[in-house]
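K.L.:
Starting from these lines, generate the structure:
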Amino acid sequence: MKKHMAISEEQLKEMFEANFERLRTENGHSLSPDVKEAAWLQVQMYWRKLNHIASGVTETEVKLNLPNQKTKKGRLFCIEGVVDIIREANRITMYDIKTHEPEYVRANIESYCGQINVYAFIWQRLQGQRLDETAIIATPIPHGLQEAIRHNDPAEIEAAMNKWEPLIPIKFDTANVKQTIGEFADIVDQIEDHNFGPAPLIKLEERGEDRSTFATRVCRNCDARFSCNSYRDYARKNKDRSWRKFADFYDLQPNEEEIIDRVEALSQASVNLSNLQDDI
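P.N.:
Numbering: from 1, shown residues only. A predicted model of the protein is given here:
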């Protein structure tokens, strides 16, 4: 069994800062102070809750690849994924880290079962080793814990931490792997056929078992949402807070007076340019 050196939160903070600087240098942009603080808080709470798992990881960000798959239309594709592996004594556990709320994962467990079982299938095929357990780690901090942290009440924080269950075991069953791979294949064909039709507004307003809407669970994680007609309709109708900073760009219609001002400004600019050219 591999032994791991204990890491203090001070060391964890140093690692966080070093990683932040590396990403900032590589990507050429930074985070606002409040976003950076929120990121650190999530790392800190995750470490406090699951350091026994995090410190026990023997293989991190293991890349899995299943090549030479074929769609119904004959297109070749491959399936890739990244997981963490823990080897303890005679047991091997695979963890897949998600940024989705634990409640949402539990309410839609079948969707996650398909994906992680494909990963398990690839692992066993590549490694030629058995896999004893699979699980998902849902990293977002629960609303109750966030409130307890804002109140700065140690007892409330401890109670919220005890209630938080980010580790979600997934039944290990490769029986439906072929079906899941087929679903991936259908998505590949849709992408290659440029079939990018958005879900209708009624779908975005549909609520799951956790009472959150499809737009909240899915659309807010989509980089294309502000170019999506369905999401624009949803955001306007529901006065979505994340829409406000984009509303002026999409929704503001100039009145007649503004149009006249713009035309006059363009005309004056044209005259100034013409005079400049004459002077030259």
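
K.L.:
Sketch out the low-pLDDT regions of the stretch 101-250 of the chain for me.
P.N.:
210, 239-250 (pLDDT under 70).

K.L.:
What segments of it are strands?
P.N.:
Secondary structure of the stretch 101-250 of the chain, counting by DSSP state E, counting those that start in this stretch: strands at 133-138, 167-170.

K.L.:
Of those, flag the one that's most buried.
P.N.:
Highest mean neighbour count of the strands of the stretch 101-250 of the chain: strand 133-138, a mean of 20 (counted as mean count of other Cβ atoms under 10 Å). In this view, the C-beta of every residue, glycine as well, is placed from N, C-alpha and C.

K.L.:
now for it, which elements pack on it?
P.N.:
In this structure, strand 133-138 packs against strand 91-98, helix 102-107, helix 109-127, strand 167-170, with contacts taken as 3 or more Cβ pairs under 8 Å, 6 or more residues apart in numbering; DSSP states H and E.

K.L.:
Mind telling me what element residue 62 is part of?
P.N.:
strand 59-70 (DSSP states H and E).

K.L.:
Report the strands that pair with that strand, each with its relative direction.
P.N.:
If you go by DSSP bridges, strand 59-70 pairs up with strand 76-88 (antiparallel).

K.L.:
roughly how far out does the strand it pairs with sit from the chain middle?
P.N.:
Averaging C-alpha coordinates over strand 76-88 and over its chain gives two centres that are 17 Å apart (Cα atoms, centre = their mean, to the nearest Å).

K.L.:
ok, now stretch 92-109?
P.N.:
Mean C-alpha position of stretch 92-109 versus that of the full chain (Cα atoms, centre = their mean) differs by 12 Å.

K.L.:
possible to save the strands of the stretch 101-250 of the chain as JSON lines with distance to residue 47?
P.N.:
Output for the strands of the stretch 101-250 of the chain, formatted as JSON lines (distance: least, Cβ to Cβ, whole Å):
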{"stretch": "strand 133-138", "distance to residue 47": "12"}
{"stretch": "strand 167-170", "distance to residue 47": "14"}
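
K.L.:
got the buried residues for the strand holding residue 62?
P.N.:
By neighbour count, with 16 or more other Cβ atoms under 10 Å as the criterion, the buried positions of strand 59-70 are 62, 64, 66.

K.L.:
can you pull the contacts of residue 137?
P.N.:
Applying Cβ atoms under 8 Å, 6 or more residues apart in numbering, one finds that residue 137 lies in contact with 50, 53, 95-98, 166-168.

K.L.:
residue contacts, the closest residue to it other than its chain neighbours?
P.N.:
Using Cβ to Cβ, 6 or more residues apart in numbering and skipping the chain neighbours, the partner closest in space to residue 137 is residue 97 (4.9 Å). With Cβ under 8 Å, 6+ apart as the criterion, the residues that contact residue 97 are 84, 136-137, 139.

K.L.:
I figured residue 214 hits residue 199, correct?
P.N.:
Yes: at 7.0 Å, residue 214 and residue 199 qualify as touching, with contact defined as Cβ atoms under 8 Å.

K.L.:
what about residue 120, how many neighbours?
P.N.:
Each residue near residue 120 was counted by other Cβ atoms under 10 Å, and the total is 23.

K.L.:
Make sure it is actually in contact with residue 95.
P.N.:
No: using Cβ under 8 Å as the test, residue 120 is too far from residue 95 to be in contact (11.4 Å).

K.L.:
Quickly list what's touching both of those two.
P.N.:
Any residue near both residue 120 and residue 95 by Cβ under 8 Å, 6+ apart counts here, and that gives residue 134.

K.L.:
mind giving me TSV with the buried residues of strand 59-70 and columns for pLDDT and distance to residue 184?
P.N.:
What follows is the buried residues of strand 59-70, written out as TSV (pLDDT from 0 to 100; distance: Cβ to Cβ, whole Å):
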residue	pLDDT	distance to residue 184
62	85	19
64	89	13
66	90	9
